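Student: Provided below are the primary sequence and the corresponding predicted coordinates.
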Amino acid sequence: MNEIIGSIAEQCSHLKSGVNEQALFQLRPYIEGFLDTKWLESELRKYQDWASRNSDPSLQRSLLHRPLGFNMLVASIWAARDWESIHKTDSSFRAPMGAKRLINIACSLAVLELHAGRLLGSEAREHLRQRLQATDQVWGVIHELQAFAFFVRTGARVEPHFLKKASALEMTVNWHGVVIPVQCKVKQPGSGRLISQDVVTTLAGYIARDARATGRSLLVRIGSTGTIRQEDVEFLRRQVSVGVGSGMGPALVTHKNRTFTVRSQPLSGQFTYNTAQNYLSNFDFHVGMVIGEPAPHGAGYNAVAVVGIEANPEERPWNSLRRSIMEGAKQLRNGPPGIVAIYYADPVRNFEALRPALEPMKVSMGQLLDSRPQVGAVIMASEPDLQLSQTSGSGHVGVYYRKPWPFPSDFLSNQFS
């Protein structure tokens, strides 16, 4: 770790810390140093080849638009490199959210090295590299890195057992002599949902790209009675691109025994970062996305595409959440009260949407934890919603705990202030 990265890591080890976007010039090559160079360059070429036919740079920079199942970290590195190349000739060009997302991840990695560098030997680095490069594992290691940095910022000493390949415990937090075990659980894109935000983002990006190519702005409504599969995304894109559903009413289409409705209409309108959510809520979608381009004179964004799924599926996100808590509880049994930290790879704007009934989430969580003394608290976090975020590179965080408070009274007290 060089002196500049060390300084950034120290800055990010404190509450309400943050770094300037200029730090990307150091943080991007820093995190790339944990990856295999040949692998990274190969993945970046694949990504650029895909983007030349399916996306455009503005979607990649802002939304990390990428094919389903593609490594998010590679897309974020591409966005950071792209920003750097433009910023060198135009210093007024601000880092878009896709590039900013890399700042948060790289800072967490730097915090790990600053506080636990003694454990980052060759075997630990190789284990970390393998997980960062594996699409099905990258979300898990991102969660662990950010959880480690979260606890460091509270003032605790943290042992990152996740650096050991065979470790059953992710980390332990030492709070003034009290040892608190932590189990981390990641919810992959679409977990607990029949229609994943990840799927909608990919489809909306496709439609926005195709609309721009023909100079159109589109409002697209897709009706579905069940999940939307990866192969359905390409099919629905083709239907919209050839004008299906652009007549007087929605069109009925079938793909591999699944039936959808497609309705496409011309679109006009403007929104800002602050009004984007309200603008999207006007369409009353089950899940949707709005994509815009900067309006003249800095007056917000002109809508390029609004894509939404009209559905009323019987989703059970609580069941998925409960399973993760139960798995963590099983791993924490026979030990002191610990924490189950859960991370959603999809953005979750309000954790109350995951509750099983009308009662507040804290009621349902309290009932679940009441009979499990080994779980003192559940900490939930999610990916930021890149279409709505403006400055932060991290998503929403919530803390739910078993009463009475099972840890030292001052532990995590800043999370309730």
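Tutor: Looks like it came in fine. Residues are numbered from 1 along each chain as shown.

Student: what ranges do the helices span in the stretch 201-350 of the chain?
Tutor: All helices of the stretch 201-350 of the chain, identified by DSSP state H, counting those that start in this stretch, fall at 230-241, 276-281, 317-332.

Student: lowest-confidence helix or strand of the protein?
Tutor: None of the helices or strands of the chain scores lower by mean pLDDT, DSSP states H and E than helix 276-281, at a mean of 79.

Student: so what secondary structure elements neighbour that one?
Tutor: strand 287-294, strand 301-310 (3 or more Cβ pairs under 8 Å, 6 or more residues apart in numbering; DSSP states H and E). Quick note: C-beta positions are derived from backbone N, CA and C, even for glycine.

Student: which among the helices of the stretch 201-350 of the chain is found nearest to Gln188?
Tutor: Ranking the helices of the stretch 201-350 of the chain by their distance to Gln188 (criterion: Cβ to Cβ) puts helix 317-332 first, at 10.1 Å.

Student: neighbouring contacts of the closest one?
Tutor: Helix 317-332 has contacts (Cβ atoms under 8 Å, 6 or more residues apart in numbering) with 168-169, 181, 183, 185, 187, 191-193, 338, 340, 342, 353-356, 364, 368, 372, 374-375, 378.

Student: can we see that at 6 Å?
Tutor: For helix 317-332, the surrounding residues in contact (Cβ atoms under 6 Å, 6 or more residues apart in numbering) are 181, 183, 185, 191-192, 338, 340, 342, 354, 356, 372, 374-375, 378.

Student: model confidence score at Ala166, please.
Tutor: Ala166 is assigned 80 on the pLDDT scale.

Student: give me phi/psi at it?
Tutor: Torsion angles at Ala166 (phi, psi; degrees, to the nearest 10) stand at phi -100, psi 10.

Student: tally of neighbours for it?
Tutor: Ala166 has 6 neighbours, counted by other Cβ atoms under 10 Å.

Student: next one: the one 3 residues further on
Tutor: Neighbour count of Leu169, defined by other Cβ under 10 Å: 17.

Student: buried sites along the least confident helix or strand of the chain?
Tutor: For helix 276-281, burial by neighbour count (16 or more other Cβ atoms under 10 Å) applies to 276, 279-280.

Student: equivalent analysis for stretch 225-241, please.
Tutor: Across stretch 225-241, burial judged by 16+ other Cβ under 10 Å covers 227-228, 232-237, 239-241.

Student: what lies in contact with that stretch?
Tutor: 68, 194-195, 199, 202-203, 206-207, 210, 220, 253, 255, 262, 264.

Student: please repeat the previous calculation with a cut-off of 7 Å.
Tutor: The contact list for stretch 225-241, computed with Cβ atoms under 7 Å, 6 or more residues apart in numbering, reads 68, 194-195, 199, 202-203, 206-207, 210, 220, 222, 245, 253, 255-256, 258, 260, 262, 264, 311, 313.

Student: pLDDT value on Gly395, please?
Tutor: Model confidence at Gly395, given as pLDDT, is 71.

Student: so who does it touch?
Tutor: Neighbour list for Gly395: 347, 381-384 [criterion: Cβ under 7 Å, 6+ apart].

Student: change it to 8 Å
Tutor: 344, 347-348, 381-385.

Student: so where's the stretch 201-350 of the chain shaky on pLDDT?
Tutor: For the stretch 201-350 of the chain, the stretches with pLDDT under 70 are 297-298, 313-315.

Student: mind running it again at 90?
Tutor: 212-216, 224-231, 247-249, 257-258, 267-304, 309-317, 334, 346-350 (pLDDT under 90).

Student: related to what we said a few turns ago, top of the contacts of Gly395 by neighbour count?
Tutor: Greatest neighbour count in those, by other Cβ under 10 Å, goes to Tyr344: 27 neighbours.

Student: what's the domain layout of the chain?
Tutor: Structural domains assigned to the chain are 3-123, 168-191+316-416, 197-310, following automatic domain parsing.
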